[in-house]
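Peer 1: Pasting a predicted model and its sequence here:
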Amino acid sequence: MGAQAEPAGETGVERAEPEPFLRQIPGVWTLIGATTGTLFERGEGSLFAGAEVSYVHYLRTHLWYGVVAEIRWEERAKAAVALGLEGGYGPLVVEAAMFGRFPRRAGFGIRGRSCVSVLAVVSFCVGGAVLSGGHRVREIGLVLKYPRRFRD
């Protein structure tokens, strides 16, 4: 499935076929973007919006792994931050992060999310967090990111 070289012609130079698009993705990428969605806690919904950045390493096998950081405004808690690990296979994403909310409805704990991503630019995510005191929060959201190749 890689590039196949044609035999040397009259010029003595081999010509390679272009790589398929998905084979051009491997490398280290920085993805910067915006996140929005709805939180569900104690039977009530509320909105959130924020910014997210990921630093990921895509492998030729379509597996990838990296770190993610997010800061966001929440309608009820006012602010939240997350810092964690993410990984996946192709468009499937799994994330585990330390999660904190403040100043209202403050709490710290762990958040898990799973997402389906379209070319690492648009992701649809569902997840939840378990915070100190056993407080639980569920979320559904949309993440829009701009990918930039960091290095090959």
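Peer 2: Nice, I can see it. Residues are numbered from 1 along each chain as shown.

Peer 1: What strand or helix carries the closest residue to Gly141 other than its chain neighbours?
Peer 2: Among residues not flanking Gly141 along the chain, Gly37 sits closest, at 2.5 Å (CB to CB, 6 or more residues apart in numbering). (C-beta placed from N, C-alpha, C; glycine too.) Per DSSP states H and E: Gly37 is located in strand 27-41.

Peer 1: From Arg138, how far off is the residue nearest to Gly141?
Peer 2: As defined by CB to CB, to the nearest Å, Gly37 lies at a distance of 10 Å from Arg138.

Peer 1: which of the two has more neighbours?
Peer 2: Taking other CB atoms under 10 Å, Gly37 and Arg138 do not tie; Gly37 has more neighbours (18 against 13).

Peer 1: Now do the contacts for the more buried one.
Peer 2: Shown in contact with Gly37 (CB atoms under 8 Å, 6 or more residues apart in numbering): Leu47, Phe48, Cys125, Glu139, Ile140, Gly141, Leu142.

Peer 1: Any idea how far the least confident helix or strand in the chain by mean pLDDT is from the middle of the chain?
Peer 2: None of the helices or strands of the chain scores lower by mean pLDDT, DSSP states H and E than strand 136-151, at a mean of 92. Centre-to-centre, strand 136-151 and its host chain are 4 Å apart (CA atoms, centre = their mean, to the nearest Å).

Peer 1: Check stretch 110-127 too.
Peer 2: The mean C-alpha position of stretch 110-127 is separated from the chain mean by 6 Å, CA atoms, centre = their mean.

Peer 1: Need the contact partners of it.
Peer 2: Taking CB under 8 Å, 6+ apart as the rule, stretch 110-127 contacts 29, 31, 37, 56, 82, 84, 88, 91-99, 128-130, 138-147.

Peer 1: next one: stretch 66-85
Peer 2: 35, 39, 41, 46-57, 65, 86-87, 95-106, 111.

Peer 1: How about stretch 144-152?
Peer 2: Residues from elsewhere that reach stretch 144-152 (CB under 8 Å, 6+ apart): 26-35, 52, 54-55, 119-123.

Peer 1: Where does pLDDT dip in the chain?
Peer 2: Under the criterion pLDDT under 70, the flagged ranges of the chain are 1-24, 152.
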